[in-house]
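>>> based on what follows, work out the 3D shape:
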Amino acid sequence: MNQKPRKFVGKMVLATMMSVVLAACSSGTGAGGDVTEVQTKAAMETYNVGDTFKATEPFNLSILYSDQPTYPYKKDWLLFNKITELTGVTLEPTIVPMSDYSQKRSLLISSGDAPLVIPKTYPGEESAFVSSGAILPISDYIDLMPNFKDKVEKWGLEDEIEGLRQEDGKYYVLPGLHEEVWPDYTLLVRTDVFEENNIAIPTTWDELYDAAKKLKEIYPDSIPFSDRFQFNSTLNIAATGFGTKAGWGFGNGLTYKEDQDEFVYTATTPEYKELLTYFNKLVSEGLLDKESFTQDDDQAVQKFVSGKSFMINGNSQTVVLHRNDMNKTLGEGKYSVAKITVPGGPKGQLMSGSRLENGVMISGKIQKSENFKAIMQFVDWLYYSDEGQEFAKWGVEGETFTKEGGTRKLAEDVNYNGLNPKGTKDLRIDFGFSGGVFAYGGTTDLLQSMFSEEELKFQQDMKDTKEVIPAEPPIPYSSEDRERVTLLSTPLKDYSDQNTLKFILGERDLSEFDTFAKELDSQGLSNYLKLANDTYKAYKENKQ
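Okay, here's the model as predicted:
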């Protein structure tokens, strides 16, 4: 994900913030060190894995809140009331529309006005705020977070956490932790159309091409595949099987080659060219809608739910929404649609994915708070304890759900994502649970507890079919180098994105791919690669 340019705070503020950080770092509060010097008002004297956090004195806690328009914020949600009742903590949200969240978060942090708790931060997004001292080096204080430590150790997440460390050896974001890799996005297909025409559900991208070709012959006025998300999700899921990265997964544009023990620029590789060649073939033969790269999501969805197209990218939530629409457009019982296992590519049935997801930054201002230790305990309980994670996802036992023999079930009048369609109240809209600010991470059992039978089958099929590729080693840039990286990588990515589109749509012939790679070099690619590989090698040497 691209970083938003950050604004610098004044020199006095920077000096103050940095002095606080340095003071904390020099006071022996490292991971595994002495954390007794932090302010302990309202903190529990003894707090261990399995304990419910309860502040010894009530306090208010500011938090940044990403407001999702599908289930807009309500201050009287059961979620907030129950948090106060259970823990003694009253949350004070700063409400920011989801569409503006990244930009607003950057402005608030840079100006020194950010709330103490800053959720919805994907690993990598914290890097822009490290050098200013505006966010807490959280790795110095994980001894205050027993549930976080327990899950990292129990699930063997040390290597993935290692990838979060900055040049100073610390990490500054608490990611959501999953027990296992969790795939979600894939292709949704009109399985009834495939079955009626004796077309097998594709298991590879080559089979998908053959299927699309048959559909075009049978339905010449159709568009077999018309996509949403500007095609970025499909490029992401397809790229892994081609041995590359693209779309949402393009990231910093670098790919680690283990046989060379170095990073190369993704968009210049033979694997990337092969990916472009494949989708160019679909476009040129009228099997993939050209508008997939520019149309609004609603336009793509309308083509799919009206029967003008037969394949679209989606996930477990969008498939439910599409069925609701198709009941109106095509008629209930007159169609069938399902998620399919992500097709394999030339490199095989591979799946990328991290067990880390978006998480929480803590403002550096917390070090001045008399409730420092209590806040860390509260964050640990809510985001990382089994109890807190179940609460954030399912709500309150006896009110929004029941639990018997370890099996959770929504209350009779509560619905979530079509799980209990007879429910008149929505778990997110009416109660505030299962939202993106609090509910993420957890055991596979908790994650899958809200899956339909269909989704459970998809997850099992992916697990049985796919081999998970290993995570790449980190490149922990210094604060000075990070500025250079942004200046170098942003135009390279923009140019790569522009030409990716041109190559796929046939606006630029693929015979010019090598020329394109040279054009990137003239824009600073060699400097970018040298900086990345020098940093990686230095990190590797220091680690040995």
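>>> tell me the contacts of Leu350?
Thr240, Gly241, Gly243, Gly344, Lys466, Glu467, Val468, Ile469 (C-beta atoms under 8 Å, 6 or more residues apart in numbering). C-betas here are computed from N, CA, C, even on glycine.
>>> can you name the residues bridging to it?
Note on Leu350: beta-bridge partners by DSSP bridges are Glu467.
>>> circling back: just the buried ones from the contacts of Leu350?
Taking 16 or more other C-beta atoms under 10 Å as the criterion, what is buried in these is Thr240, Gly241, Gly243, Gly344, Lys466, Val468.
>>> please name the nearest non-neighbouring residue to the second one.
By that I understand Gly241. Counting by C-beta to C-beta, 6 or more residues apart in numbering, Gly241 lies nearest to Gly345, which is 2.5 Å off, once chain neighbours are set aside.
>>> name the residues linked to that neighbour by a beta bridge.
Here Gly345 sits in beta bridges with Gly348, going by DSSP bridges.
>>> how close does it get to Ala134?
Counting by C-beta to C-beta, to the nearest Å, the gap from Gly345 to Ala134 is 42 Å.
>>> more neighbours: the two, which one.
Shown here are Gly345 and Ala134; by other C-beta atoms under 10 Å, Ala134 has more neighbours (27 against 23).
>>> report the buried residues of the helix or strand harbouring Glu207.
Using DSSP states H and E, Glu207 sits within helix 205-218. The neighbour-count check on helix 205-218 (16+ other C-beta under 10 Å) flags Trp205, Leu208, Tyr209, Ala211, Ala212, Lys213, Lys214, Leu215, Lys216 as buried.
>>> what does that helix contact?
Under C-beta under 8 Å, 6+ apart, the answer for helix 205-218 is 187, 193-194, 197, 199-202, 222, 224-225, 238, 241-242, 278, 281-282, 285-288, 310-311, 343-345.
>>> now, which of those lie within strands?
Leu187, Pro224, Phe225, Phe310, Met311 (DSSP state E).
>>> between those residues, which sits nearest Glu357?
Leu187 (22.0 Å; C-beta to C-beta).
>>> mind listing the residues bridging to the closest one?
Asn313.
>>> what number of residues are in the vicinity of it?
Neighbour count of Leu187, defined by other C-beta under 10 Å: 23.
>>> check contacts around it.
With C-beta under 8 Å, 6+ apart, Leu187 has these contacts: Leu208, Thr234, Ile237, Met311, Ile312, Asn313, Gly314, Lys339, Ile340, Val342, Pro343.
>>> show me how far the helix ranked longest in the chain is from its chain's centre.
In the chain, with assignment by DSSP state H, the single longest helix is helix 479-505. The gap between the average C-alpha position of helix 479-505 and the chain average comes to 21 Å, counting by C-alpha atoms, centre = their mean, to the nearest Å.
>>> after it comes which helix or strand?
Once helix 479-505 ends, the next helix or strand along the chain (criterion: DSSP H and E) is helix 513-521.
>>> buried ones in that following helix, by neighbour count?
So for helix 513-521, counting by 16+ other C-beta under 10 Å, buried means Phe513, Phe516, Ala517, Leu520.
>>> pick out whichever of the residues you listed sits closest to Pro97.
Leu520 (35.4 Å).
>>> from what I can see the closest one touches Tyr495, true?
Yes: counting by C-beta atoms under 8 Å, Leu520 touches Tyr495, with 6.4 Å between them.
>>> let me see the mean pLDDT of the helix or strand hosting Leu64.
Secondary structure assignment for Leu64, by DSSP H and E: strand 59-67. Mean pLDDT, computed over strand 59-67, is 97.
>>> quick check: buried residues in the very next helix or strand once past that strand?
Note on strand 59-67: by DSSP H and E, the next helix or strand toward the C-terminus is helix 78-87. Within helix 78-87, the residues that qualify as buried are Leu78, Leu79, Phe80, Lys82, Ile83, Leu86, Thr87, counting by 16+ other C-beta under 10 Å.
>>> pLDDT and distance to Ala411 for these - can I get that in TSV?
Formatted as TSV, these follow (pLDDT from 0 to 100; distance: C-beta to C-beta, whole Å):
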residue	pLDDT	distance to Ala411
Leu78	98	12
Leu79	98	15
Phe80	98	19
Lys82	98	15
Ile83	98	19
Leu86	98	19
Thr87	98	23
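>>> and which of the residues you listed is nearest Glu412?
For the buried residues of helix 78-87, the minimum distance to Glu412 (C-beta to C-beta) is 16.4 Å, reached by Leu78.
>>> check contacts around that closest one.
Applying C-beta under 8 Å, 6+ apart to Leu78 gives the contacts Gly395, Val396, Glu399, Thr400, Phe431, Gly432, Phe433.
>>> give me the element the fifth one is part of.
With elements taken from DSSP H and E, nothing contains Phe431; it lies in neither a helix nor a strand.
>>> pretty sure it contacts Lys425?
Yes: the pair Phe431 / Lys425 is scored as a contact, 7.2 Å apart, by C-beta under 8 Å.
>>> picking up where we left off before, just the buried subset of the contacts of helix 205-218, please.
Buried among the contacts of helix 205-218 by 16+ other C-beta under 10 Å: 187, 193-194, 199, 201-202, 222, 224-225, 238, 241-242, 278, 282, 287-288, 310-311, 343-345.
>>> please enumerate the strands of the stretch 351-500 of the chain.
Taking DSSP state E, counting those that start in this stretch, the strands of the stretch 351-500 of the chain run over residues 356-362, 401-404, 407-410, 414-415, 425-426, 467-468.
>>> mind exporting the second one as CSV, just the C-alpha atoms?
These are the backbone C-alpha positions of strand 401-404, laid out as CSV (Å, rounded to 0.1, in the frame of the first residue of the first chain):
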residue,chain,number,x,y,z
PHE,A,401,-25.2,-14.9,20.8
THR,A,402,-25.4,-18.2,22.7
LYS,A,403,-22.6,-20.7,23.3
GLU,A,404,-23.1,-24.4,24.0
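>>> who are the packing partners of it?
The criterion is 3 or more C-beta pairs under 8 Å, 6 or more residues apart in numbering; DSSP states H and E, and the helices and strands that strand 401-404 contacts are strand 407-410.
>>> pull the CA atoms of the strand it packs on into PDB?
Extracted in PDB, the C-alpha atoms of strand 407-410 (Å, rounded to 0.1, in the frame of the first residue of the first chain):
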ATOM      1  CA  THR A 407     -20.400 -23.800  19.500                       C
ATOM      2  CA  ARG A 408     -21.500 -20.200  19.100                       C
ATOM      3  CA  LYS A 409     -24.800 -19.200  17.600                       C
ATOM      4  CA  LEU A 410     -26.400 -15.800  16.900                       C
END
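>>> buried residues in that strand?
For strand 407-410, burial by neighbour count (16+ other C-beta under 10 Å) applies to Arg408, Leu410.
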